[in-house]
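Chemist: pasting the sequence and the predicted model now:
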Amino acid sequence: MDFSLNATRLRLSIPAIALVVGLASCTSQTSTTPTESPAAGGSPAAPAAGGATVSISGAGATAPRPLYERWFQEYNKVKPGVQISYDGAGSGAGVKRFLDQVVDFGATDSAIKDDERAKLPAERGKAIQIPTTGLFVVFAYNLDGVDNIKLSREAFCGIADGTVKTWNDPKIAKDNAGVNLPSDPITFVHRSDGSGTTDIFTSHLAKACPNWKAGSGKTVEWPTGTGAKGNDGVTAQISQTKGAIGYTEYSYSKQVPNLKVATLQNKAGEFVPPTPEAAAKALAGVTVPADFALKVPDPEAKDAYPIVSLTWVLLYEKPKDAAKAKELTEFWNWALKDGNKYATELGYIPLPDELVTKVASTLGTIQVAAK
């Protein structure tokens, strides 16, 4: 399959997603599915190929980790012989470990680049990149007595570049009439590790903020703030620091009791609260390239939440272990079809049926038969 950006494109239409209260908590950096679970629905569980236990390892993005862990747990009930472990080490580490061939799959919130693809040894074939879900990034904050704060583009750009230094800055106050904003200093919290969430966030800043000078990518030279590792590290730092604000994936903000999230102004000038429904509107109707490397750094739709992306896993076209590859492709086909309900439950955006079909076709190009 041709993975060039000029290849045939696919239209993506994502329906509104209903958010179900309650998230599966995720606190450890590494997750392993349980080894003994009843089969779903009470029916006999299907063993792995040949009846043996197959252990699969992956590493990478922290943003989708709560969903991945849930998928691994639920799939283990269906197939107890397949155990999938995942190290949420960040997108940068996920890409590196994939290219170094020390994992069976990598995960990244930043689509793999051509120069990274070129580092994969020829015996592994192409780097297969497939989307797994849509997600969105929020401004989480810790400010007593101030709920549902609105941040204009001018305000959140200033927070990120350090020119908005206090909570009662006029750029914040003008859109929050009647709110008693304190004069407390703002502590901006950002990622300290190589992060696809940072790539999503800074790609938006690069489009939305005329004075943003730090560029975009998994790592940037931040003009202000303090760093923390992983989405969980950022949310923890914010929750422990009065007056703090920072960016994190939505599901992580929901895991921390009483952590607040800001309503953001989008490109159309509308103030949009961070919900899966509003995030889905950012992806509705956009074109997806053949290598699935979709970016929507500043969505056009009037009611769209502004900081939204797909997230991806990386697989080998010619894997070292055909048995593992077979089980892994079967898992991802299950996750994107039967696992959609868990994406909805946790506040992610399930892929639409036509994109799932395209992904299934791409998974079919992976060599899963021993030669």
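Modeler: Nice, I can see it. Residues are numbered from 1 along each chain as shown.

Chemist: do a quick rundown of the strands in the stretch 1-150 of the chain.
Modeler: Secondary structure of the stretch 1-150 of the chain by DSSP state E, counting those that start in this stretch: the strands cover 10-12, 30-32, 54-60, 82-87, 105-108, 127-141, 150-151.

Chemist: what do you get for the stretch 251-371 of the chain?
Modeler: For the stretch 251-371 of the chain, applying DSSP E, counting those that start in this stretch gives strands covering 260-261, 263-265, 271-272, 286-288, 308-316.

Chemist: from the contact counts, what lies against the last one?
Modeler: It stands for strand 308-316. The elements that strand 308-316 packs onto, with contact taken as 3 or more C-beta pairs under 8 Å, 6 or more residues apart in numbering; DSSP states H and E, are strand 54-60, helix 91-99, strand 105-108, strand 127-141, helix 196-208, helix 276-283, helix 322-337. Backbone N, C-alpha and C define where each C-beta goes, glycine included.

Chemist: need the winner for burial among those.
Modeler: strand 105-108 (a mean of 28; mean count of other C-beta atoms under 10 Å).

Chemist: from the chain's centre, how far out does it sit?
Modeler: Averaging C-alpha positions (C-alpha atoms, centre = their mean, to the nearest Å) puts strand 105-108 11 Å from its chain's average.

Chemist: hmm, who's touching it?
Modeler: The contact list for strand 105-108, computed with C-beta atoms under 8 Å, 6 or more residues apart in numbering, reads 56, 58-61, 64, 68, 86, 91, 94-95, 97-99, 132, 196, 311-315, 328.

Chemist: domains for this structure, by residue range?
Modeler: Residue ranges for the domains of the chain, per automatic domain parsing: 10-134+312-363, 137-288.

Chemist: could I get the pLDDT score of the closest residue to residue 205 other than its chain neighbours?
Modeler: Closest residue in space to residue 205, ignoring its immediate chain neighbours: residue 212 at 4.7 Å, by C-beta to C-beta, 6 or more residues apart in numbering. Looking at residue 212, its pLDDT reads 98.

Chemist: please apply the same query to residue 45.
Modeler: 42.

Chemist: okay, now the spatially closest residue to residue 125 that is not a sequence neighbour: neighbour count?
Modeler: Distance criterion C-beta to C-beta, 6+ apart; nearest residue to residue 125, sequence neighbours excluded, is residue 317 at 3.0 Å. By the measure other C-beta atoms under 10 Å, the count of residues near residue 317 is 16.

Chemist: give me the residue at the spatial middle of the protein.
Modeler: residue 63 (3.9 Å; C-alpha atoms, centre = their mean).

Chemist: list the residues that contact that one.
Modeler: Counting by C-beta under 8 Å, 6+ apart, residue 63 has contacts 109, 135, 137, 196-197, 231, 249, 251-252, 311.

Chemist: how near is residue 194 to residue 317?
Modeler: 24 Å (C-beta to C-beta, to the nearest Å).

Chemist: quick one, what contacts residue 306?
Modeler: When contacts are counted by C-beta under 8 Å, 6+ apart, residue 306 touches 204, 208, 264-267, 272, 282, 298-299.

Chemist: cutoff 10 Å now
Modeler: Counting by C-beta atoms under 10 Å, 6 or more residues apart in numbering, residue 306 touches 136-137, 153, 156, 204, 207-208, 264-268, 270, 272, 274, 278-279, 282, 296-299.

Chemist: helix or strand with the lowest mean pLDDT in the protein?
Modeler: strand 30-32 (a mean of 43; mean pLDDT, DSSP states H and E).

Chemist: ok, residue 85 to residue 78 distance?
Modeler: Applying C-beta to C-beta to residue 85 and residue 78 gives a distance of 17 Å.

Chemist: now swap in residue 159 and tell me
Modeler: For residue 159 relative to residue 78 (C-beta to C-beta), the value is 45 Å.

Chemist: just residue 230 next, same as before
Modeler: Residue 230 is 29 Å from residue 78, by C-beta to C-beta.

Chemist: export stretch 69-88 as PDB, just CAs?
Modeler: Output of stretch 69-88 as PDB, limited to C-alpha atoms (Å, rounded to 0.1, in the frame of the first residue of the first chain):
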ATOM      1  CA  GLU A  69      -5.600  -0.500  29.000                       C
ATOM      2  CA  ARG A  70      -9.300  -1.000  29.000                       C
ATOM      3  CA  TRP A  71      -9.200  -2.600  25.600                       C
ATOM      4  CA  PHE A  72      -6.400  -5.000  26.800                       C
ATOM      5  CA  GLN A  73      -8.400  -5.900  29.800                       C
ATOM      6  CA  GLU A  74     -11.600  -6.600  27.900                       C
ATOM      7  CA  TYR A  75      -9.900  -8.500  25.200                       C
ATOM      8  CA  ASN A  76      -8.100 -10.700  27.700                       C
ATOM      9  CA  LYS A  77     -11.600 -11.900  28.800                       C
ATOM     10  CA  VAL A  78     -12.300 -12.900  25.200                       C
ATOM     11  CA  LYS A  79      -8.900 -14.400  24.600                       C
ATOM     12  CA  PRO A  80      -7.100 -15.200  27.900                       C
ATOM     13  CA  GLY A  81      -4.100 -16.600  26.000                       C
ATOM     14  CA  VAL A  82      -3.300 -13.200  24.600                       C
ATOM     15  CA  GLN A  83      -1.600 -10.900  27.100                       C
ATOM     16  CA  ILE A  84      -0.800  -7.300  26.000                       C
ATOM     17  CA  SER A  85       1.400  -5.000  28.100                       C
ATOM     18  CA  TYR A  86       1.900  -1.300  27.500                       C
ATOM     19  CA  ASP A  87       4.400   1.200  28.700                       C
ATOM     20  CA  GLY A  88       3.000   4.700  28.600                       C
END
